[in-house]
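> I'd like to go over a predicted model; first the sequence, then the structure.
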Amino acid sequence: MKASLKAEVKYFPYEMPKLWGCRNLCYDEIKMNLVWLVCPEIDTLIHTAWPGNVVTESVDAHMSHDLRAILNGPPLAFMRDFSGMPGPLVMTEDWPNDYVTTMWERAREANARLCIGLEPNVLKVDFKNRRRYG
């Protein structure tokens, strides 16, 4: 996998899909971070043949350098940055109406998983990559 397709922080808790029709997502962890945040249904589709949906199509077609950069960070930091982006984004036009709520729920879930074993008032800090979790 090319380094530019590998996420520094992986939000989704499973391996990359191998049977999906949307082939670009099978190799791009950063795009998968976003798809995982928006589409809870993919948790049951990860090991099946799946052609994708309007979310996977729009993520694949409209991923920007700025969005790719913030998807490399912790999930809650991503959501703060994403929520502050000037909108509406072309990418999100056909997404479900409640996508922001779903994304926040999934970002909290990913953050909790990444911070497992830490006390509630303890932050995990990755000084090398200047990232904070928790």
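Okay, I see it.
> Report the distance from stretch 98-112 to the chain centre.
10 Å (CA atoms, centre = their mean, to the nearest Å).
> what does stretch 60-72 give?
Per CA atoms, centre = their mean, the centroid offset for stretch 60-72 relative to its chain is 10 Å.
> can you check stretch 60-74 too?
With CA atoms, centre = their mean, you get 9 Å for stretch 60-74.
> Going forward, the N-terminal residue is numbered 19.
With the count now opening at 19, the last piece we talked about shows up as stretch 78-92.
> Could I get the buried residue list for it?
78, 81, 85-86, 88-92 (16 or more other CB atoms under 10 Å). Placement of C-beta: from N, CA and C, glycine included.
> which stretches of the chain have low pLDDT?
Residues of the chain meeting the criterion pLDDT under 70: 19, 105-106, 135-152.
> 90 instead?
Within the chain, the segments meeting pLDDT under 90 span 19-26, 40-44, 101-107, 131-152.
> quick one: the helices in it?
Per DSSP state H, the chain carries helices over the ranges 47-56, 72-80, 83-88, 93-101, 117-132.
> so what secondary structure elements neighbour the shortest one?
To tie it back to what came earlier, the one meant is helix 83-88. Judged by 3 or more CB pairs under 8 Å, 6 or more residues apart in numbering; DSSP states H and E, the packing partners of helix 83-88 are helix 93-101.
> what's near enough to touch the most centrally placed residue in the chain?
Nearest residue to the geometric centre of the chain (CA atoms, centre = their mean): residue 51, 2.1 Å. Contacts for residue 51 (CB atoms under 8 Å, 6 or more residues apart in numbering) come out as 25, 27-30, 89, 93, 96.
> quick one: terminal-to-terminal distance for stretch 21-29?
Taking CA to CA, to the nearest Å, stretch 21-29 runs 17 Å from one end to the other.
> So what touches that stretch?
Against stretch 21-29 from outside (CB under 8 Å, 6+ apart): 45-48, 50-51, 54-55, 89-93, 124-125, 128, 132, 147, 149.
> now that stretch, how far from the centre of its chain.
10 Å.
> Mind listing what's buried along that stretch?
With burial defined by 16+ other CB under 10 Å, the residues of stretch 21-29 counted as buried are 25, 27-29.
> Make JSON lines from these and add distance to residue 37 to it.
JSON lines is the format used below for the buried residues of stretch 21-29 (distance: CB to CB, whole Å):
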{"residue": "25", "distance to residue 37": "21"}
{"residue": "27", "distance to residue 37": "25"}
{"residue": "28", "distance to residue 37": "19"}
{"residue": "29", "distance to residue 37": "21"}
